[in-house]
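Asks: Everything below, folded, please.
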Amino acid sequence: MPLCVQRWTLRRLDDAYKAFLRRLKARTGKAGFPRFRGKGCWGSFGFNEFSGIRFDGKRFRFRGVPGGLRVHLHRELPKGKICSCVFTRDAKGWSVCLQVRVEAQEKRSVSTSVGIDLGIKVFAYQSDGVILPNPRVARKAERRMRIRQRALARCKRGSNRRRKVKAELSRLHRKITNTRSTWLHQQSARIANSYDLIAAEDLNVKGMAKHPTLARSIHDASWGKFISMLSYKAERAGSTFITVNPRNTSQRCSGCGEIVPKTLAVRTHSCPSCGLVIDRDHNASLNILQAVVGLGQPNVADYGKRAARNLNEATN
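Replies: Predicted coordinates:
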């Protein structure tokens with residue numbers, strides 16, 4: 001085994017203990033002592049030392065690995081310095097994840113802007129009226145998942161049938177993950193390439209996922225993953241991405257600023273002060289964009305154009 005792989009494994013163990021001590025010192029919830037990981041739980045290895053790595057179009061050549069490793073790239077490798085490389089084994093086989101340091105794109109001048117409100121009924125509501133439906137990938141596969149989990153529970157440990165059923169369950173998990181990731185990549189890329197300024201809520205997804213009834217739907221939506229994708233894709237496209245405090249984004253009227261209390265069951269925002277009646281998620285997305293551009297109280301109809309013009313004047 002190459003020395004760099006052994007160092008990567010030890011570094012991973014060291015990171016786990018450092019994270020445990022950090023949580024223990026912070027005293028925020030359960031610290032979580034690092035658990036022992038058996039052979040069956042360990043499905044990845046990596047390299048962090050790349051002084052001797054190169055890619056010749058078909059194979060990665062590593063120092064200490066005779067002959068290198070043959071790979072099939074699903075997209076062109078970006079030009080830049082490779083920072084880390086992790087090989088992972090899953091139900092379909094082996095895959096490699098590369099981190100490449102590339103030069104950041106210059107920021108574009110702001111001519112188009114959008115605020116995004118994330119939710120469960122609809123995945124995202126944009127301030128310009130575009131609605132992204134919630135794909136609910138895991139929810140749609142619940143029945144197939146339940147059947148395979150019950151079959152796995154009936155199998156004897158160590159049997160060939162258990163290995164086969166476990167492989168089927170792993171393939172289903174992989175399909176769910178890939179379907180969700182593909183959809184998130186497509187939508188985040190579309191938004192990053194279409195707008196010069198993107199505003200979204202700074203959600204505490206970890207805390208929200210503790211909700212007794214909405215936890216499964218929140219995990220299925222993968223808001224955190226979407227925000228992460230949107231952040232790095234906006235930077236790569238030269239767009240500006242900003243997160244704002246989500247406090248009162250649904251309660252505040254985007255037309256006059258009045259606080260209009262409403263429960264989660266109320267899906268329409270109706271302001272008694274200015275008479276504005278719009279979808280609550282649309283109202284929230286307008287407030288999110290307003291918090292970024294720093295306008296007064298905009299008119300809903302011409303909000304997007306005024307927001308972009310105001311930000312341009314402030315930055316020039």
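Asks: tell me the SS of residue 7?
Replies: For residue 7, the secondary-structure state derived from DSSP: H, G, I helix; E, B strand; the rest coil is helix.
Asks: how far away is it from residue 134?
Replies: For residue 7, the distance to residue 134 equals 43 Å [Cβ to Cβ, to the nearest Å]. To be clear about C-beta, it is placed using only N, CA and C from the backbone, and glycine gets the same treatment.
Asks: what's the answer for residue 80, then?
Replies: When Cβ to Cβ is applied, the distance between residue 80 and residue 134 equals 35 Å.
Asks: again, but for residue 230
Replies: The value you get for residue 230 to residue 134, if Cβ to Cβ is used, is 16 Å.
Asks: Could you do residue 16 as well?
Replies: Counting by Cβ to Cβ, the gap from residue 16 to residue 134 is 34 Å.
Asks: ok, now residue 145?
Replies: According to Cβ to Cβ, residue 145 and residue 134 sit 18 Å apart.
Asks: What of residue 200?
Replies: Using Cβ to Cβ, we find residue 200 at a distance of 16 Å from residue 134.
Asks: For the two, indicate the residue with more neighbours.
Replies: Neighbour tally, residue 200 and residue 134, criterion other Cβ atoms under 10 Å: the higher count belongs to residue 200, 27 against 16.
Asks: buried stuff in the helix or strand harbouring residue 21?
Replies: Taking DSSP states H and E as the definition, residue 21 sits inside helix 3-26. For helix 3-26, the buried set under the neighbour-count rule, 16 or more other Cβ atoms under 10 Å, comprises 4-5, 8, 12.
Asks: Can you tell me the element residue 60 falls in?
Replies: Assigned by DSSP H and E, residue 60 falls within strand 59-62.
Asks: helices and strands around that strand, which ones?
Replies: Taking 3 or more Cβ pairs under 8 Å, 6 or more residues apart in numbering; DSSP states H and E as contact, the helices and strands that strand 59-62 lies on are strand 54-55, strand 65-70.
Asks: who does it pair up with?
Replies: Strand partners for strand 59-62, identified by DSSP bridges, are recorded as strand 54-55 (antiparallel), strand 65-70 (antiparallel).
Asks: which of the ones you listed is buried the deepest?
Replies: Here the criterion is mean neighbour count by mean count of other Cβ atoms under 10 Å, and of those the winner is strand 54-55, at a mean of 13.
Asks: Residues contacting that strand, please?
Replies: The list of residues contacting strand 54-55 from outside it, by Cβ atoms under 8 Å, 6 or more residues apart in numbering, reads 60-61, 77.
Asks: Tell me the one among the residues you listed nearest to residue 181.
Replies: residue 77 (19.2 Å; Cβ to Cβ).
Asks: so what's that closest one up against?
Replies: When contacts are counted by Cβ under 8 Å, 6+ apart, residue 77 is found next to 55, 98, 100.
Asks: JSON lines for these, including distance to residue 238 and pLDDT?
Replies: Below are the contacts of residue 77 laid out as JSON lines (distance: Cβ to Cβ, whole Å; pLDDT from 0 to 100):
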{"residue": "55", "distance to residue 238": "27", "pLDDT": "76"}
{"residue": "98", "distance to residue 238": "22", "pLDDT": "80"}
{"residue": "100", "distance to residue 238": "18", "pLDDT": "79"}
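Asks: related to what we said a few turns ago, next, the buried residues of whatever helix or strand comes next after the helix holding residue 21.
Replies: With elements assigned by DSSP H and E, the helix or strand that comes after helix 3-26 is strand 44-47. Residues of strand 44-47 classed as buried under the neighbour-count rule (16+ other Cβ under 10 Å) are 45-47.
Asks: Closest to residue 283 out of these?
Replies: Distances from the buried residues of strand 44-47 to residue 283 were compared by Cβ to Cβ; the smallest belongs to residue 46, at 45.4 Å.
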